[in-house]
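Visitor: Predicted model, plus sequence, below.
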Amino acid sequence: MKEISQKLNGDIKRLTNKTFKFDERIKEGWFSAVYFLKTKEMAEKKLPYNRVTMQFFQKSSNAVLCGTDEAIALVHTFADEPETLEIHSLKDGDKISPYETVLTITGAYQQFGFLEGIIDGILARRTSVATNVYNVVKAGRTSGNQKPIIFMGDRDDHFTQQAGDGYAAFIGGSTAQATHAMNEWWGKEGMGTMPHAMIQMFRGDVVAASRAYIEMFPEDDLVALVDYNNDVITDSLKVAKAFGDDLKGVRLDTSRTLVDKYFLRNHHLMGTFDPRGVNPELIFALRKALNEEGFSHVNIMASGGFTEKRISHFETLGVPIDMYGVGGSLLKINIGFTGDNVLLNGTQEAKEGRRYRPNSRLESVEYHMQNKE
């Protein structure tokens, strides 16, 4: 059983290294800034009995916190004598405000201080992605009905980030993701139907590609990609007529540099809007055409350059999109975290402009031995 299932069932409180599978070189300081390693060495030799409290926060915006389980598992895996540390933390998924303390660690600096930058990075990336996804999911219900958001960030970052990004997207509210790796930490499988490459191999014949797909994957819902020929209404009607009730949806991914052939045939419609790419007028026309031909059951999915702002705009206009595919805009790292030493042997001691900020929402964290395999 995956740890996320145990956590959701209440059997464990936090995910561990069994999920995260940390690189063992972390213990050697390979991923730590050198000045942290020098400070660790100095503390060991010059001030071995000092106890510090390190406090973590962000000052960017209201956000959805993510990465606390990972950061705590990191400390429990690589700190010296981690069972002696005092850790207090918020939880993944908690809503946080600027300057709010989300995590504190108390112990001898040499035990854990070299992990500061890594913890900052974990919290920054996971919280940024979770918050971005949360905001996009929120935008997807502007019209009053929640539209599903598929996380399609596989091509927008290094593949090694997929598992963590997928978990952060899950914390943010996305429950459909493009790769198996994105789903690894939270226990599902990747989803998706056909790329342009599949249609290309059938020389642009969307019906032939769809027929091959349904023969190969009969248990899947058939969602046809219909922008390959830049004629989404024509191709949507072709597949709808060919497959009837078996066609569950069509997906548009028209480039922002193209104008669909529908508008070239109906140029009198243009002049008051931007006709490029996936635009509201094209979706309205597609929905109308499908409905008039008796295919009101066919859902419309849109992808390609969607952001929180763009989705909000579409939803405000009542554009009949049933599902959005979003990628790169969800991976912007726009929330940075800071770790500060704020207490020294139990008394206030911090750099100018920083101070200990107690947070009654923090929960004491129990030590659990980590699986290092």
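Guide: Good, I have the coordinates. Residues are numbered from 1 along each chain as shown.
Visitor: Backbone dihedrals for the residue of the chain most remote from its centre, both of them.
Guide: In the chain, the residue that sits farthest from the middle, by Cα atoms, centre = their mean, is Lys46; the gap is 43.2 Å. Main-chain torsions, Lys46, degrees, to the nearest 10: phi -100, psi -30.
Visitor: per-residue confidence for it?
Guide: Per-residue confidence at Lys46 stands at 95 (pLDDT).
Visitor: With just CA atoms, put the helix or strand hosting Phe314 into PDB.
Guide: In the assignment (DSSP states H and E), Phe314 maps to helix 308-316. Output of helix 308-316 as PDB, limited to C-alpha atoms (Å, rounded to 0.1, in the frame of the first residue of the first chain):
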ATOM      1  CA  GLU A 308      -5.300  31.200 -14.300                       C
ATOM      2  CA  LYS A 309      -6.100  34.500 -16.000                       C
ATOM      3  CA  ARG A 310      -7.100  33.000 -19.300                       C
ATOM      4  CA  ILE A 311      -9.300  30.300 -17.700                       C
ATOM      5  CA  SER A 312     -11.000  33.000 -15.600                       C
ATOM      6  CA  HIS A 313     -11.700  35.000 -18.800                       C
ATOM      7  CA  PHE A 314     -13.100  32.000 -20.600                       C
ATOM      8  CA  GLU A 315     -15.300  31.000 -17.600                       C
ATOM      9  CA  THR A 316     -16.600  34.600 -17.100                       C
END
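Visitor: Tell me which residues are up against it.
Guide: 132, 135-136, 138-143, 147, 280, 283, 302, 321, 324, 326, 329 (Cβ atoms under 8 Å, 6 or more residues apart in numbering). Using the backbone N, CA and C atoms, a C-beta is placed for each residue, glycine as well.
Visitor: after it, next one along is what?
Guide: Note on helix 308-316: by DSSP H and E, the next helix or strand toward the C-terminus is strand 323-326.
Visitor: partners of that following strand, with directions?
Guide: Partners of strand 323-326 in the sheet, by DSSP bridges, are strand 149-151 (parallel), strand 299-303 (parallel).
Visitor: Redo these as CSV? Include mean pLDDT, mean neighbour count and distance to Asn62.
Guide: Conversion of those to CSV gives the following (pLDDT from 0 to 100; neighbours: other Cβ atoms under 10 Å; distance: least, Cβ to Cβ, whole Å):
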stretch, mean pLDDT, mean neighbour count, distance to Asn62
strand 149-151, 88, 26, 20
strand 299-303, 95, 22, 28
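Visitor: So for Val342, which of those sits nearest?
Guide: strand 149-151 (35.9 Å; Cβ to Cβ).
Visitor: Whichever strand or helix holds Val250 versus strand 299-303: what angle between them?
Guide: Using DSSP H and E, Val250 falls within strand 247-252. Put simply, strand 247-252 runs at 30 degrees to strand 299-303, going by axes from the mean of the first three to the mean of the last three Cα atoms, to 10 degrees.
Visitor: rewinding a little: just the buried members of the contacts of helix 308-316?
Guide: Buried members of the contacts of helix 308-316, scored by 16 or more other Cβ atoms under 10 Å, are 132, 135-136, 138-140, 142-143, 147, 280, 283, 302, 321, 324, 326, 329.
Visitor: Minimum pLDDT in these, which residue is that?
Guide: Among the buried ones among the contacts of helix 308-316, pLDDT bottoms out at Ser143, giving 82.
Visitor: my guess is that one meets Ile321, correct?
Guide: No: using Cβ atoms under 8 Å, Ser143 is not in contact with Ile321, being 9.4 Å away.
Visitor: so how far is the helix holding Phe314 off the chain centroid?
Guide: On the basis of Cα atoms, centre = their mean, to the nearest Å, helix 308-316 sits 19 Å off its chain's mean C-alpha point.
Visitor: just stretch 349-363 next, same as before
Guide: With Cα atoms, centre = their mean as the basis, the mean position of stretch 349-363 lies at 29 Å from the chain mean.
Visitor: What residues sit buried inside it?
Guide: Within stretch 349-363, judged by 16+ other Cβ under 10 Å, the buried ones are Ala350, Tyr356, Asn359, Leu362.
Visitor: got the residues you listed as TSV, with secondary structure columns?
Guide: TSV is the format used below for the buried residues of stretch 349-363 (DSSP: H, G, I helix; E, B strand; the rest coil):
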residue	secondary structure
Ala350	coil
Tyr356	coil
Asn359	coil
Leu362	coil
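Visitor: Looking at those residues, which has the smallest pLDDT value?
Guide: Lowest pLDDT among the buried residues of stretch 349-363: Ala350, 92.
Visitor: Check the secondary structure at the residue lying closest to that one once chain neighbours are set aside for me.
Guide: Counting by Cβ to Cβ, 6 or more residues apart in numbering, Val342 is the residue found nearest to Ala350 once chain neighbours are left out, at 4.3 Å. Secondary structure for Val342, judged by three-state DSSP, is strand.
Visitor: give the contact list for Val342.
Guide: Here Val342 is in contact with Thr53, Met54, Gln55, Gln348, Glu349, Ala350, Arg354, Arg355, Tyr356, Arg357 (criterion: Cβ under 8 Å, 6+ apart).
Visitor: For the fourth one, name its beta-bridge partners.
Guide: The residues paired with Gln348 through beta bridges, assigned by DSSP bridges, are Leu343.
Visitor: which residues touch it?
Guide: Counting by Cβ under 8 Å, 6+ apart, Gln348 has contacts Val342, Arg355, Tyr356.
Visitor: what do you get if the cut-off is 10 Å, keeping everything else the same?
Guide: By Cβ atoms under 10 Å, 6 or more residues apart in numbering, Gln348 lies in contact with Thr53, Val342, Arg355, Tyr356.
Visitor: His88 is in contact with the first one, correct?
Guide: Just to be clear, that refers to Thr53. Yes: at 9.5 Å, Thr53 and His88 qualify as touching, with contact defined as Cβ atoms under 10 Å.
Visitor: re the thing from before, hmm, which two among the contacts of Gln348 are most spread apart?
Guide: Farthest-apart pair in the contacts of Gln348 is Thr53 and Arg355; separation 11.5 Å (Cβ to Cβ).
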